[in-house]
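Asker: whatever this is, show me its structure:
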Amino acid sequence: MTGTTTLLDGLDREAEDFAGSVDREHYLNGSGQKERLDLSPIYARHARLFDRATVDAIRAADANDERYPELRRLVVEGYLDAAANELTEQIAARETADALDWDGESLPYRSVAPLIRNEPSPDRRHALERRLVEATSAQNPLRERRWDLLYASARELGYASYRQLVEDVGRLDIASLVTAVGAFLRETEEAYRAELVLRLRAIGVDPAEAEKSDIAFLFREPEFDRYFAAESLVDIYKSSMAALGLDDAAQSRIFLDVEKRPTKSPRAFCSAPRIPDEIYLVISPQGGEYDYGAMFHEGGHAQHFAHADGALPFALRGLGDNSVTEGFAFVLEHILAIPAWLEQYLYFSDTARYLAAQRFNRLYMFRRYSAKLIFEAELHAGTDVRGRQKRYADLLTAATGVRYAPEDYLFDVDDAFYAARYLRAWIFDAQMRTSLRERFGERWYESREAGAKLVELWSHGQRFDAPALLRREGLGGLDVLALSAELAPAARHD
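Answerer: The predicted structure follows:
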């Protein structure tokens, strides 16, 4: 056994232990069961995984080993994370502990977003959003210091910028994706703006005065609440999975956490401490369609991980290109955009208005994330995040047509260009669903053959990146055409 093989074998085992511990810690904190996010002890236990000697050793390892790219990415990005984990914990602690005064009550910071989404008064929405932004702004010095450490660590490893590091170890072509989404923004601008004006006016908002909080309320869509009964959420999700023929053994490995807790994150998430054996689907119910979309989206992650082949090395099972697991999350979420499913499970009498609203929601989100990517591409090419607030607000406001607060410029940035993974996932999703419809019909959501195909795809875990998995299915690489046809058919140029 070569030294390289021994190194990669050992790193793969330790990576699984480390990732499982981190996922469990994020689950406990994000689900509101643990006040503090205690990452430092985990990093201390696995210090060897991210020390400089390991970074140097794996960079010289055998690049032909299938596990190499993802283990290298974990080690290098983990080296950066380890340098910043004390500040990561401090930020999480602030987000958990901070509170806002509103209507004579003290509101936990993480509980404010659902209130904004459900507030019918534009003036109160804007005022509450400003309170939230003020709290975020007060936290930003911690976020700035954290990025200082990440940028310094990237330079220490010989990279000119954080962007260059992520492009290298993450195998992301940021420039090409920026070009593609920039074209999408231009091609859909006119149609998007025209529809935005109509939809804002329909909820009593002057388009010239619109803010991000108005979009949150717009997409809350209370008129459809009667179809999305909270008490039916879990049963409908389970019934839909059963219709695909997904077996009970896999479902028993997925634990649904739908309890309400004051400090529970408003963002639904999936945590996978042990793939495929222990998966948590966490949602903080907020009412209406949002809950269903979140349940099916995070359910997509959960099904993907619960069906991964446990015999695969962890590097291929639990690391890899997250565009894939996000893509499968969108595949299941967008079952809610199939007219027959809406009629069959939710008893919709007329799906046209709802589906039009959902299409616009997705168009907004793709445009928003396109602007986020453009901002992050500029931000992470530099050496200091400070002074970029206005650029963030200008880009996001221009892309979405509603005002974004400059103070959110770091709160809205995830590590390692995750915005790029999301954009790739939306493209992957559209291509994959097009294939499912063509092979199994419009009602593929209740086809056991379609379920078997998904199980086969999920069994690969994260072994293949999004373009490679599409090529294996005969669909070519990533191609935005299918997504463009869905979201803005009038903007297509044949």
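Asker: could you use CA atoms for every contact and neighbour count after this?
Answerer: Will do.
Asker: which parts of the stretch 201-350 of the chain are strands?
Answerer: Taking DSSP state E, counting those that start in this stretch as the criterion, the stretch 201-350 of the chain contains strands spanning 254-257, 269-274, 278-282.
Asker: neighbouring contacts of the last one?
Answerer: The reference is to strand 278-282. 27, 31, 253-258, 268-273, 295, 298-299, 302, 305-306 (Cα atoms under 8 Å, 6 or more residues apart in numbering).
Asker: pairing partners for that strand, with directions?
Answerer: Take DSSP bridges as the rule and strand 278-282 pairs in its sheet with strand 254-257 (parallel), strand 269-274 (antiparallel).
Asker: what mean pLDDT would you report for the longest one?
Answerer: In other words, strand 269-274. The average pLDDT within strand 269-274 is 96.
Asker: what's the biggest helix by length in the chain packed up against?
Answerer: As assigned by DSSP state H, the longest helix anywhere in the chain is helix 122-156. For helix 122-156, the packing partners by 3 or more Cα pairs under 8 Å, 6 or more residues apart in numbering; DSSP states H and E come out as helix 68-97, strand 99-102, helix 112-118, helix 162-169, helix 212-218.
Asker: C-alpha coordinates for the last one, CSV please?
Answerer: As requested, C-alpha coordinates have been extracted for helix 212-218 and formatted as CSV (Å, rounded to 0.1, in the frame of the first residue of the first chain):
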residue,chain,number,x,y,z
LYS,A,212,-36.9,43.2,-0.1
SER,A,213,-39.5,42.6,2.6
ASP,A,214,-42.3,43.3,0.1
ILE,A,215,-41.0,40.4,-2.0
ALA,A,216,-41.1,38.2,1.1
PHE,A,217,-44.7,39.0,1.6
LEU,A,218,-45.6,38.8,-2.1
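Asker: what's it packed up against?
Answerer: helix 112-118, helix 122-156, helix 174-202.
Asker: hey, least reliable of the helices and strands packed on helix 122-156 by pLDDT?
Answerer: Among these, helix 112-118 scores lowest, at a mean of 88.
Asker: Met365: what secondary structure?
Answerer: Three-state assignment for Met365 (DSSP: H, G, I helix; E, B strand; the rest coil): helix.
Asker: distance of it relative to Arg143?
Answerer: Distance from Met365 to Arg143, counting by Cα to Cα, to the nearest Å: 24 Å.
Asker: just Ser40 next, same as before
Answerer: According to Cα to Cα, Ser40 stands 17 Å off from Arg143.
Asker: who's more crowded, the two?
Answerer: Remark: of Ser40 and Arg143, Arg143 carries more neighbours, 19 against 16, as counted by other Cα atoms under 10 Å.
Asker: low pLDDT regions in this structure?
Answerer: Residue ranges of the chain with pLDDT under 70: 1-5, 287, 489-494.
Asker: can you list the domains in the protein?
Answerer: For the chain, the structural domains run 3-98+136-169, 174-491, going by automatic domain parsing.
Asker: now the closest residue to Asp257 other than its chain neighbours: how far from Glu456?
Answerer: Using Cα to Cα, 6 or more residues apart in numbering and skipping residues adjacent in sequence, the residue nearest Asp257 is Val282, 4.7 Å away. Going from Val282 to Glu456 by Cα to Cα gives 25 Å.
Asker: do the same with Asn322
Answerer: Asn322 sits 18 Å away from Glu456, taking Cα to Cα as the criterion.
Asker: check Glu134 too.
Answerer: Note on Glu134: its distance to Glu456, by Cα to Cα, is 47 Å.
Asker: circling back to that earlier point, need the strands paired with strand 278-282 in a markdown table (columns: distance to Arg199 and mean neighbour count).
Answerer: Formatted as a markdown table, these follow (distance: least, Cα to Cα, whole Å; neighbours: other Cα atoms under 10 Å):
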| stretch | distance to Arg199 | mean neighbour count |
| --- | --- | --- |
| strand 254-257 | 34 | 17 |
| strand 269-274 | 29 | 24 |
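Asker: out of the ones you listed, flag the one nearest Val181.
Answerer: strand 269-274 (25.8 Å; Cα to Cα).
Asker: burial of Gly30, as a residue count?
Answerer: Close neighbours of Gly30, defined as other Cα under 10 Å, add up to 26.
Asker: ok, it touching Ser265?
Answerer: Yes - if you go by Cα atoms under 8 Å, Gly30 and Ser265 touch, sitting 5.1 Å apart.
Asker: now the helices: where do they sit in the stretch 301-450 of the chain?
Answerer: Ranges of helices within the stretch 301-450 of the chain are 314-317, 322-333, 339-346, 352-379, 389-400, 418-440, 448-459, based on DSSP state H, counting those that start in this stretch.
Asker: just how off-centre is the third one within its chain?
Answerer: Going back to what we said before, that points to helix 339-346. 26 Å (Cα atoms, centre = their mean, to the nearest Å).
Asker: which elements pack onto that helix?
Answerer: With contacts defined as 3+ Cα pairs under 8 Å, 6+ apart, there are no secondary structure elements packing on helix 339-346.
Asker: list the contacts of it.
Answerer: Helix 339-346 has contacts (Cα under 8 Å, 6+ apart) with 227-228, 236, 335-336, 348-349, 351, 355, 443, 445.
Asker: just the buried residues of these.
Answerer: Buried members of the contacts of helix 339-346, scored by 16 or more other Cα atoms under 10 Å, are 227-228, 236, 335-336, 348, 355, 445.
Asker: what's the closest of these to Thr188?
Answerer: Nearest to Thr188 among these is Leu355, at 18.4 Å by Cα to Cα.
Asker: for the strands paired with strand 278-282, which one sits closest to Asn118?
Answerer: Here strand 269-274 is closest among those (Cα to Cα), at 20.5 Å.
Asker: pretty sure Leu483 is touching Ile427, no?
Answerer: Yes - using Cα under 8 Å, Leu483 makes contact with Ile427 at a distance of 5.9 Å.
Asker: between these two, which is the more surrounded one?
Answerer: Using other Cα under 10 Å as the criterion, Leu483 and Ile427 rank with Ile427 on top: 24 against 20.
Asker: dump the helices and strands packed on helix 122-156 to a markdown table, plus distance to Ala468.
Answerer: As requested, the helices and strands packed on helix 122-156 are exported to a markdown table (distance: least, Cα to Cα, whole Å):
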| stretch | distance to Ala468 |
| --- | --- |
| helix 68-97 | 15 |
| strand 99-102 | 45 |
| helix 112-118 | 37 |
| helix 162-169 | 17 |
| helix 212-218 | 35 |
